[in-house]
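**Q** build me a model from this:
(one chain, ligands or ions: 1)
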Amino acid sequence: MDNYILQVENLKKYFPIKKGFFKKKVGDVKAVDEISLKLERGKTLAIVGESGSGKTTLAKSIMRFYDLTEGKILFDGKDITTINEQKLKKLKQDMQMVHQDPTTSLNPRKKIKDILEAPLLIHNMGDAASRLKRVKELINIVELPEEFLYRYPHSLSGGQKQRIGIARALALNPKFIVLDEPTSALDVSVQAKIITLLKDLQKKFNLTYLFITHDLSLVRNFADDVGVMYLGSIVEYSDVETLYTHPQNPYTQSLLSSIPVVSDDEQSMLPKKIPLTGEIPSPSNMPTGCKFHTRCPFAEDICLTSPALLETEYGSFTRCHLVEKINKQKIGV
Ligand code: SF4
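**A** Residues are numbered from 1 along each chain as shown. This next block holds a predicted model:
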């Protein structure tokens, strides 16, 4: 069996920009632009970036919610790039998604029991008695009382609703789950409990996670590897410890330098403050060359040409022409 459950090669997802009476195509929004990544079984890969970086489009492309513009996706050894609807439906038993906002992702008119039973019904699984047994198992797995099965979503707190979202994703015993900002709509104290639950479930069921987040502070204790995304491209790819101890790309450094810290020790481990100025440019009007050059404090003329994603001395990969020069400046060589 292949050690990688997911392999993505040169994935592109462009959305056409159409204008005028005849809706003529005048360009593309390059939401995902030539992304390659690999995800090992039982591990967590975090995709981190600001809003508008394309991370959710990447996740939805991998889940095949969209037709792809270009590229290839192998899931569990099978090419799912051009798979037909019927085969895709079968495969979706192994690939599930937990959505960002538990309030909008749960049908307010259905009881929790019906919400959890829905995936089993869609896939014609079992009879009424076996489905009820599974639904009770699911509510126990996410540590909620069985009496919640007969309630409506509006009577649950945000954290409880997200537990239901997680239970629904587990209903079909998937191998792989996309977690699309699963805690961003929750209070900080509830966030920590949901992250702990997700870690416990990963161990228990050998789950593989693709964790989409804008919040680097959540990643260190949760992910194994991290891809930092900017305007549709991966600009740094690394194991989690190397990313925190030796971030190489100026964009990663600026994201890391702005995460909240609780102690002087933590502060001393973070890169010197690199202010992230301005807004992320529109993906319909990409800067030429290095996409970060309009906001990068180190930008030079060479940055008007595109840098490749190259291996660093720490074994990570970064997309920056000047990484060696910037590092030498930092240590005063
Ligand atoms: Fe900054 Fe230039 Fe490196 Fe891009 S290539 S991150 S603009 S220094």
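
**Q** pretty sure residue 125 is touching residue 133, no?
**A** No: Residue 125 is beyond contact range of residue 133, at 11.5 Å (criterion: C-beta atoms under 8 Å). C-beta: built from backbone N, CA, C; applies to glycine.

**Q** who has more neighbours, these two?
**A** For residue 125 and residue 133, the more surrounded residue by other C-beta atoms under 10 Å is residue 125, and the numbers stand at 15 against 11.

**Q** how about the residues of the stretch 201-333 of the chain that lie near the ligand?
**A** Contact residues (C-beta under 6 Å from any ligand atom) of the stretch 201-333 of the chain with the ligand: 249-250, 290, 292-293, 296, 298-299, 303, 307, 320-322.

**Q** got a list of what the residue in the stretch 101-250 of the chain positioned nearest to the ligand touches?
**A** Nearest to the ligand in the stretch 101-250 of the chain, going by C-beta to the nearest ligand atom, is residue 250, at a distance of 4.4 Å. Taking C-beta atoms under 8 Å, 6 or more residues apart in numbering, we find residue 250 in contact with 274, 292, 296-298, 320, 326.

**Q** and the helix or strand encompassing residue 193, what does it pack onto?
**A** For residue 193, the host element (DSSP states H and E) is helix 188-205. With contacts taken as 3 or more C-beta pairs under 8 Å, 6 or more residues apart in numbering; DSSP states H and E, helix 188-205 sits against helix 158-170.

**Q** what's the mean pLDDT across the helix or strand following the helix it packs on?
**A** Proceeding N to C from helix 158-170, the next assigned helix or strand is strand 176-180, under DSSP H and E. In this model, strand 176-180 has a mean pLDDT of 97.

**Q** keeping just the C-alphas, turn stretch 95-112 into CSV.
**A** Extracted in CSV, the C-alpha atoms of stretch 95-112 (Å, rounded to 0.1, in the frame of the first residue of the first chain):
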residue,chain,number,x,y,z
MET,A,95,-13.1,11.7,1.7
GLN,A,96,-15.1,14.0,4.0
MET,A,97,-15.1,17.6,4.9
VAL,A,98,-15.8,19.6,8.1
HIS,A,99,-17.0,23.1,7.2
GLN,A,100,-16.0,26.4,8.7
ASP,A,101,-19.3,27.6,10.1
PRO,A,102,-21.2,24.9,11.9
THR,A,103,-24.3,27.1,12.1
THR,A,104,-24.7,27.3,8.3
SER,A,105,-23.5,23.8,7.5
LEU,A,106,-26.2,22.1,9.6
ASN,A,107,-29.8,22.1,8.3
PRO,A,108,-31.8,24.1,10.9
ARG,A,109,-35.0,22.2,10.1
LYS,A,110,-33.6,18.8,10.8
LYS,A,111,-33.1,17.1,14.1
ILE,A,112,-29.5,16.1,14.9
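
**Q** next one: it to chain centre, how far?
**A** Distance of stretch 95-112 from the chain centroid (C-alpha atoms, centre = their mean, to the nearest Å) equals 18 Å.

**Q** just the strands in the stretch 151-300 of the chain please.
**A** 176-180, 208-213, 225-230, 233-239 (DSSP state E, counting those that start in this stretch).
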